[in-house]
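**Q** Below is the sequence, then the predicted model.
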Amino acid sequence: MSAAERLEQFRAELREASVGLAAAPTLIVITKFHPDELVRELFDAGQRHFGENRHPEARNKRSGLDEDEAVWHFVGQLQRNKVRQVARYADVLHAVDRKEIIELLETGEDIPTRDVFLQVNLTDDPGRGGVDDAGFEALAERAAESSAVRVHGVMAVAPLDETPERAHERIAAYSQRLLRILPNATSISSGMSSDWRSALRYGATHLRIGTAITGSRPDSA
Ligand SMILES: *Cc1c(COP(=O)(O)O)cnc(C)c1O
(Lines give C-alpha, C1' and ligand atoms only; values in the text may rest on other atoms or scores of the structure.)
Protein backbone atom coordinates (compact mmCIF):
# COMPACT_ATOMS: atom_id res chain seq x y z
CA MET A 1 0.00 0.00 0.00
CA SER A 2 1.27 3.50 -0.78
CA ALA A 3 1.47 6.25 1.80
CA ALA A 4 -1.38 8.06 0.06
CA GLU A 5 -3.52 4.93 0.35
CA ARG A 6 -2.64 4.50 4.02
CA LEU A 7 -3.55 8.16 4.56
CA GLU A 8 -6.91 7.59 2.92
CA GLN A 9 -7.54 4.54 5.05
CA PHE A 10 -6.49 6.31 8.23
CA ARG A 11 -8.76 9.24 7.46
CA ALA A 12 -11.69 6.89 7.03
CA GLU A 13 -10.97 5.26 10.40
CA LEU A 14 -10.57 8.66 11.99
CA ARG A 15 -13.87 9.91 10.57
CA GLU A 16 -15.61 6.91 12.01
CA ALA A 17 -13.94 7.29 15.40
CA SER A 18 -14.75 11.01 15.46
CA VAL A 19 -18.51 10.65 15.11
CA GLY A 20 -20.12 12.57 17.93
CA LEU A 21 -17.08 14.72 18.72
CA ALA A 22 -17.62 18.48 18.87
CA ALA A 23 -14.83 19.09 16.38
CA ALA A 24 -12.79 16.90 14.06
CA PRO A 25 -9.27 16.39 15.42
CA THR A 26 -6.28 17.77 13.54
CA LEU A 27 -4.26 15.02 11.93
CA ILE A 28 -0.51 15.71 11.94
CA VAL A 29 1.54 13.23 9.93
CA ILE A 30 4.99 12.73 11.45
CA THR A 31 7.37 12.31 8.51
CA LYS A 32 10.70 11.97 10.36
CA PHE A 33 13.33 9.87 8.59
CA HIS A 34 11.24 9.74 5.41
CA PRO A 35 12.26 11.42 2.15
CA ASP A 36 10.80 14.60 0.69
CA GLU A 37 8.96 12.53 -1.89
CA LEU A 38 6.77 11.03 0.78
CA VAL A 39 5.83 14.47 2.10
CA ARG A 40 4.97 15.53 -1.45
CA GLU A 41 2.86 12.43 -1.99
CA LEU A 42 0.88 13.13 1.17
CA PHE A 43 0.48 16.82 0.36
CA ASP A 44 -0.86 15.94 -3.07
CA ALA A 45 -3.30 13.59 -1.36
CA GLY A 46 -4.62 16.54 0.63
CA GLN A 47 -2.59 16.34 3.84
CA ARG A 48 -1.61 19.76 5.23
CA HIS A 49 -0.20 19.25 8.74
CA PHE A 50 3.24 17.69 9.00
CA GLY A 51 5.48 17.01 11.99
CA GLU A 52 9.20 16.50 12.49
CA ASN A 53 11.23 16.03 15.64
CA ARG A 54 14.78 17.11 14.85
CA HIS A 55 16.61 20.16 13.66
CA PRO A 56 17.94 20.64 10.99
CA GLU A 57 16.05 17.76 9.33
CA ALA A 58 12.78 19.56 10.06
CA ARG A 59 13.97 22.70 8.31
CA ASN A 60 15.17 20.75 5.29
CA LYS A 61 11.90 18.88 5.08
CA ARG A 62 10.03 22.13 5.14
CA SER A 63 12.19 23.65 2.39
CA GLY A 64 11.69 20.46 0.39
CA LEU A 65 7.98 21.17 0.16
CA ASP A 66 7.46 24.59 -1.31
CA GLU A 67 3.82 25.03 -0.35
CA ASP A 68 2.40 27.89 1.72
CA GLU A 69 -0.57 25.80 2.77
CA ALA A 70 1.57 23.26 4.60
CA VAL A 71 1.69 23.69 8.39
CA TRP A 72 4.82 22.41 10.15
CA HIS A 73 4.79 21.11 13.69
CA PHE A 74 8.01 20.58 15.61
CA VAL A 75 7.24 17.74 18.03
CA GLY A 76 10.75 16.96 19.33
CA GLN A 77 12.53 18.20 22.41
CA LEU A 78 13.76 21.77 22.13
CA GLN A 79 17.46 22.09 22.80
CA ARG A 80 18.62 25.40 24.12
CA ASN A 81 21.01 26.09 21.24
CA LYS A 82 18.42 25.26 18.58
CA VAL A 83 15.21 26.77 19.92
CA ARG A 84 15.47 30.05 18.06
CA GLN A 85 16.38 28.43 14.76
CA VAL A 86 13.49 26.01 15.05
CA ALA A 87 11.10 28.82 15.94
CA ARG A 88 11.98 30.67 12.74
CA TYR A 89 10.49 27.97 10.50
CA ALA A 90 8.23 25.75 12.61
CA ASP A 91 4.66 27.01 12.78
CA VAL A 92 3.82 25.11 15.95
CA LEU A 93 6.12 23.99 18.77
CA HIS A 94 4.75 21.01 20.70
CA ALA A 95 7.43 20.53 23.34
CA VAL A 96 7.69 23.76 25.31
CA ASP A 97 8.61 22.33 28.70
CA ARG A 98 10.57 24.99 30.57
CA LYS A 99 10.69 28.73 31.10
CA GLU A 100 14.06 28.95 29.41
CA ILE A 101 12.45 28.21 26.05
CA ILE A 102 10.02 31.08 26.44
CA GLU A 103 12.85 33.41 27.44
CA LEU A 104 14.87 32.43 24.39
CA LEU A 105 11.89 33.09 22.13
CA GLU A 106 11.25 36.45 23.78
CA THR A 107 14.81 37.62 23.37
CA GLY A 108 15.48 36.21 19.91
CA GLU A 109 15.38 38.51 16.91
CA ASP A 110 12.82 38.12 14.13
CA ILE A 111 10.91 35.34 15.83
CA PRO A 112 7.17 35.63 15.27
CA THR A 113 4.76 34.84 18.10
CA ARG A 114 4.57 31.07 18.05
CA ASP A 115 1.71 28.67 18.57
CA VAL A 116 2.82 26.23 21.23
CA PHE A 117 1.82 23.32 23.40
CA LEU A 118 3.19 22.81 26.89
CA GLN A 119 4.65 19.33 27.13
CA VAL A 120 4.10 17.39 30.34
CA ASN A 121 6.28 14.47 31.36
CA LEU A 122 4.22 11.45 32.38
CA THR A 123 7.29 9.51 33.54
CA ASP A 124 9.86 10.01 36.31
CA ASP A 125 12.65 10.24 33.74
CA PRO A 126 13.59 13.89 33.06
CA GLY A 127 15.32 12.74 29.85
CA ARG A 128 11.94 12.08 28.26
CA GLY A 129 11.21 15.79 28.06
CA GLY A 130 8.21 17.61 29.45
CA VAL A 131 7.65 19.63 32.59
CA ASP A 132 7.21 17.63 35.78
CA ASP A 133 4.04 17.74 37.79
CA ALA A 134 5.35 20.20 40.39
CA GLY A 135 6.44 22.73 37.77
CA PHE A 136 3.36 22.63 35.58
CA GLU A 137 1.41 25.63 36.91
CA ALA A 138 4.50 27.85 37.09
CA LEU A 139 5.31 27.11 33.45
CA ALA A 140 1.73 27.75 32.40
CA GLU A 141 1.69 31.08 34.24
CA ARG A 142 4.98 32.13 32.69
CA ALA A 143 3.65 31.24 29.22
CA ALA A 144 0.38 33.04 29.88
CA GLU A 145 2.12 36.34 30.46
CA SER A 146 4.44 36.07 27.45
CA SER A 147 3.74 37.68 24.09
CA ALA A 148 6.24 35.30 22.44
CA VAL A 149 3.87 32.34 22.60
CA ARG A 150 0.20 31.55 22.11
CA VAL A 151 -0.52 28.47 24.19
CA HIS A 152 -2.94 26.08 22.51
CA GLY A 153 -2.91 23.38 25.12
CA VAL A 154 -1.00 20.43 26.57
CA MET A 155 1.11 17.83 24.80
CA ALA A 156 2.37 14.48 26.05
CA VAL A 157 3.71 11.12 24.96
CA ALA A 158 2.00 8.18 26.66
CA PRO A 159 4.54 6.02 28.53
CA LEU A 160 4.83 2.36 27.56
CA ASP A 161 4.55 1.05 31.10
CA GLU A 162 0.93 2.00 31.70
CA THR A 163 -2.25 1.56 29.70
CA PRO A 164 -2.95 4.24 27.07
CA GLU A 165 -6.28 4.91 28.81
CA ARG A 166 -4.58 5.69 32.11
CA ALA A 167 -2.02 7.92 30.39
CA HIS A 168 -4.66 9.80 28.41
CA GLU A 169 -6.76 10.29 31.48
CA ARG A 170 -3.75 11.89 33.17
CA ILE A 171 -3.18 14.15 30.15
CA ALA A 172 -6.83 15.23 30.32
CA ALA A 173 -6.31 16.16 33.97
CA TYR A 174 -3.36 18.39 33.00
CA SER A 175 -5.56 19.99 30.38
CA GLN A 176 -8.09 20.86 33.09
CA ARG A 177 -5.34 22.38 35.22
CA LEU A 178 -4.12 24.46 32.27
CA LEU A 179 -7.62 25.76 31.57
CA ARG A 180 -7.75 27.33 35.03
CA ILE A 181 -4.79 29.49 34.00
CA LEU A 182 -5.45 29.82 30.26
CA PRO A 183 -9.16 29.30 29.55
CA ASN A 184 -8.61 29.33 25.78
CA ALA A 185 -5.87 26.69 25.75
CA THR A 186 -8.32 23.88 25.03
CA SER A 187 -6.18 21.72 22.74
CA ILE A 188 -4.60 18.37 23.60
CA SER A 189 -1.76 16.98 21.48
CA SER A 190 -1.63 13.27 22.18
CA GLY A 191 -2.21 10.04 20.35
CA MET A 192 0.26 8.23 18.09
CA SER A 193 -0.12 5.29 15.71
CA SER A 194 -0.67 2.75 18.47
CA ASP A 195 -2.85 4.67 20.91
CA TRP A 196 -4.82 7.33 19.02
CA ARG A 197 -8.24 5.80 19.61
CA SER A 198 -7.75 5.98 23.35
CA ALA A 199 -6.37 9.53 23.01
CA LEU A 200 -9.51 10.59 21.15
CA ARG A 201 -11.74 9.19 23.86
CA TYR A 202 -9.90 11.39 26.36
CA GLY A 203 -10.19 14.58 24.36
CA ALA A 204 -7.18 14.67 22.02
CA THR A 205 -7.57 17.46 19.47
CA HIS A 206 -4.23 16.93 17.68
CA LEU A 207 -3.08 13.45 16.71
CA ARG A 208 0.59 12.89 15.85
CA ILE A 209 0.60 9.91 13.55
CA GLY A 210 3.75 8.45 12.02
CA THR A 211 4.12 4.82 11.01
CA ALA A 212 0.40 4.07 10.60
CA ILE A 213 0.49 6.40 7.60
CA THR A 214 4.12 6.64 6.50
CA GLY A 215 4.97 2.98 6.95
CA SER A 216 7.98 1.93 9.00
CA ARG A 217 10.80 4.43 9.25
CA PRO A 218 13.71 3.75 6.88
CA ASP A 219 16.71 4.18 9.16
CA SER A 220 15.21 5.32 12.41
CA ALA A 221 17.64 5.63 15.27
C1 LIG B 1 7.66 9.88 16.01
C2 LIG B 1 6.71 10.61 16.89
C3 LIG B 1 5.32 10.38 16.78
C4 LIG B 1 4.70 9.38 15.82
O5 LIG B 1 4.93 8.08 16.27
P6 LIG B 1 4.27 6.80 15.53
O7 LIG B 1 4.30 5.76 16.59
O8 LIG B 1 5.12 6.49 14.36
O9 LIG B 1 2.89 7.17 15.15
C10 LIG B 1 4.49 11.13 17.60
N11 LIG B 1 4.97 12.01 18.50
C12 LIG B 1 6.30 12.26 18.63
C13 LIG B 1 6.75 13.25 19.63
C14 LIG B 1 7.20 11.55 17.83
O15 LIG B 1 8.51 11.78 17.98
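**A** Looks like it came in fine. Bear in mind that the values here come from a model prediction, so they are computed numbers and not experimental data.

**Q** What residues does this protein have near the ligand?
**A** 30, 32, 53, 75, 157, 192-194, 208-212 (C-beta under 6 Å from any ligand atom). All C-beta atoms are positioned from the backbone trio N, CA, C, and that covers glycine.

**Q** Write the ChimeraX selection for whichever of these are buried.
**A** Applying 16 or more other C-beta atoms under 10 Å to the residues of the chain next to the ligand leaves a buried subset, and the ChimeraX line that selects it is:
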select :30,32,53,75,157,192,208,209,210,212
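
**Q** Which member of the residues of the chain next to the ligand is positioned nearest Gln47?
**A** Looking at these and their distance to Gln47, the nearest is Ile209, at 10.3 Å (C-beta to C-beta).

**Q** check contacts around the closest one.
**A** 10, 27-30, 191-193, 196 (C-beta atoms under 8 Å, 6 or more residues apart in numbering).

**Q** wait, what's in contact with Asp195?
**A** Contact criterion C-beta under 8 Å, 6+ apart gives 158, 164, 167-168 as the residues in contact with Asp195.

**Q** among the residues you listed, which ones are buried?
**A** Buried residues within the contacts of Asp195, defined by neighbour count using 16+ other C-beta under 10 Å: 158, 164, 167-168.

**Q** Tell me the confidence at Pro218?
**A** pLDDT recorded at Pro218 is 78.

**Q** where's the residue nearest to it when sequence neighbours are not counted relative to Ala87, distance?
**A** Ranked by C-beta to C-beta, 6 or more residues apart in numbering and with sequence neighbours excluded, the top spatial neighbour of Pro218 is Phe33, at 5.5 Å. With the distance defined as C-beta to C-beta, to the nearest Å, Phe33 ends up 23 Å from Ala87.

**Q** the more surrounded of the two?
**A** Remark: of Phe33 and Ala87, Ala87 carries more neighbours, 24 against 18, as counted by other C-beta atoms under 10 Å.

**Q** I'd like the distance between the more buried one and Arg59.
**A** Between Ala87 and Arg59 the computed distance is 11 Å (C-beta to C-beta).

**Q** Sketch out the low-pLDDT regions of this protein for me.
**A** Along the chain, the model assigns pLDDT under 70 to residues 219-221.
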